[in-house]
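Peer 1: Kindly generate the corresponding structure for this input.
(2 chains)
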Amino acid sequence: MLPIGLVLAFLMGIAQSSLISPLRLGGASPDLVLLFVVAYVLVRGVGEGAFVALVGGLALDFTSGGPFGLSIVLLIAVAWIAGLGEMNIFRTARFLPFLAAIAAVAAYYALYGLALHLFGHPLGGWAFIWRLVLPKILVNLLLVPIVFGLMRWLGKRPAGPTVEIP
Amino acid sequence: MNASRRRLLLIVLVLGLILTWSVAERFGPSNPLRDALARLVTPLQLALHRAGRPVFNLTERVAHWAHLEAENEALRAENAALRNQLVLLEEARIENETLRRQLAFKSAVPNFQLLSAEVVGQDSSNFLQFIIIDRGAADGVRRGMPVLAAEGLVGRVQEVSVNSAKVLLITDPSSSVAALIQRTRATGVVQGQLGDDMVMRYLSPDSPVMPGDVVLTSGLGGNFPKRLVIGKVVRVERREVEMFQEAIVEPAVNLRDLEMVMVLLNFSPAELAAQKGVP
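Peer 2: Have a look, this model is predicted:
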């Protein structure tokens, strides 16, 4: 499962830049990698999810104009936060993916904005919260059923043949 | 692998990656790690961007009749070209007058050497206004080079790898362009801000700036050539207590739907020339 997650995270990072970013609603584009990382952690746990976050973050950092490493570190941080509500609760509570997505997007962009501010990038005051973070949350909520549905499906797939090493 | 080992591996990977990348950034004009990744990623981005184009176009077509869309597109292109010509003519007239008064002549129309490039990606964070183009150091693209579209200025090259480059758009909050109002010749600095518009700061309070005024690059500072169209004034903000007035400027180029741009190869920004020690 982890290799598939790593490849998907990398491909989603590239797709986010070339395919997803031009699709904007209310000025905001969806965050495929961020949602995938949260969904992965909720289904498979933070142990694997953190590595998925690392690879997804690498793809995002490569295609972003921001400081290298910022997306990697923030996605891993979000994976750890999402890890608090992982596994069993997710399977029973239908609203949890939506709550997790809201919390993840809010935390990710609050930290992203703070980091950019510390790196000297002007943000234009607190306006970024309602002009950027709120539209981001709303747009990402639309994507939650698709990404979490994909992750549920991947989680239910039968495991491949295993080889026992003596 | 147990949890603590896994955590340790992750920390080592993250720190190692960031450290190696930072060292590679200082390696030379181009980061070898970024080059290696770019060779893998740029063709993929190009393929995905091209694959997605029919989807983006489809959403637009829902709102338009097929023949009207084509006609509209042609008229828009013609209109943009004519507007650009008008601006250039007006510039030439003003320049002529100035040159006659000074009894000197200098050719002000630079011989631009332009390289066409396809846009293959955008910054996904929405915090930063960047595009990624499919031309890089192998094509002669260097950091700081201005990037244009037929309608006007797009931005400048910020980061270069072997076959791609990141372009900081003029709408990014960290972008500043020395500018002037064509009609009044009032100078200022156009800065990006969150959203699609820009703000022109440091305009003299006595300058009669009006909505509709065309904003051009002034060439001051030497980071952009003179007389490139930046956009037009949509609103003027005057406050009694402020020393300057500000104008909200709409970019001449639709930066959200960019597909092709041109990199100005034969222009060396003063900022970089100074770094290299060129007088």
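Peer 1: Check whether the spatially closest residue to B:Glu259 that is not a sequence neighbour sits in a helix, strand or coil.
Peer 2: For B:Glu259, ignoring the flanking residues on the chain, the nearest one in space by C-beta to C-beta, 6 or more residues apart in numbering or on different chains is B:Val119 at 5.7 Å. All C-beta spots, glycine's among them, are computed from the backbone N, C-alpha and C. Put simply, B:Val119 is strand when judged by DSSP: H, G, I helix; E, B strand; the rest coil.
Peer 1: With B:Arg156 instead?
Peer 2: Going by three-state DSSP: B:Arg156 is strand.
Peer 1: what packs against the top helix by length along chain B?
Peer 2: Of all segments of type helix in chain B, defined using DSSP state H, the longest is helix B:66-102. Packed against helix B:66-102, as judged by 3 or more C-beta pairs under 8 Å, 6 or more residues apart in numbering or on different chains; DSSP states H and E, are the following elements: strand B:214-217.
Peer 1: Next SSE downstream of the strand it packs on?
Peer 2: On the C-terminal side of strand B:214-217, the closest following helix or strand by DSSP states H and E is strand B:229-237.
Peer 1: That next one close to chain A?
Peer 2: No: figure legend: strand B:229-237 not in contact with chain A (C-beta under 8 Å from any C-beta of the partner chain); closest approach 14.7 Å.
Peer 1: coming back round to it: average model confidence for the longest helix of chain B?
Peer 2: Mean pLDDT, computed over helix B:66-102, is 73.
Peer 1: go on, stretch B:210-227?
Peer 2: If you average the pLDDT over stretch B:210-227, you get 90.
Peer 1: what about that stretch, how long is it end to end?
Peer 2: With C-alpha to C-alpha, to the nearest Å as the measure, stretch B:210-227 spans 19 Å from end to end.
Peer 1: Next, the buried residues of that stretch.
Peer 2: Residues of stretch B:210-227 classed as buried: B:213-220, B:223-227 (neighbour count, 16 or more other C-beta atoms under 10 Å in any protein chain shown).
Peer 1: hmm, which two among the residues you listed are most spread apart?
Peer 2: Spatial extent of the buried residues of stretch B:210-227 (C-beta to C-beta) is set by the pair B:Asp213 and B:Asn223 at 22.3 Å.
Peer 1: For the stretch 151-279 of chain B, which residue gets nearest to chain A?
Peer 2: Proximity of the stretch 151-279 of chain B to chain A (C-beta to the nearest C-beta) peaks at B:Pro173, 4.3 Å away.
Peer 1: and that residue, how many residues sit next to it?
Peer 2: Neighbours of B:Pro173 under the rule other C-beta atoms under 10 Å in any protein chain shown: 21.
Peer 1: mind checking the SS state of it?
Peer 2: The local conformation at B:Pro173, judged by three-state DSSP, is coil.
Peer 1: Can you show me the strands along chain B?
Peer 2: Per DSSP state E, chain B carries strands over the ranges B:114-122, B:130-133, B:146-149, B:152-160, B:165-169, B:176-181, B:187-192, B:198-203, B:214-217, B:229-237, B:245-251, B:260-264.
Peer 1: where does chain A dip in pLDDT?
Peer 2: By pLDDT under 70, the weakly predicted segments of chain A are A:85-93, A:124, A:157-166.
Peer 1: so what's the residue most central in space within it up against?
Peer 2: Residue closest to the average C-alpha location in chain A (C-alpha atoms, centre = their mean): A:Leu34, at 1.2 Å. With contact taken as C-beta atoms under 8 Å, 6 or more residues apart in numbering or on different chains, A:Leu34 is in contact with A:56, A:75, A:78, A:104-105, A:108, A:140.
Peer 1: what helix or strand does it sit in?
Peer 2: helix A:32-44.
Peer 1: No more questions from me, cheers.
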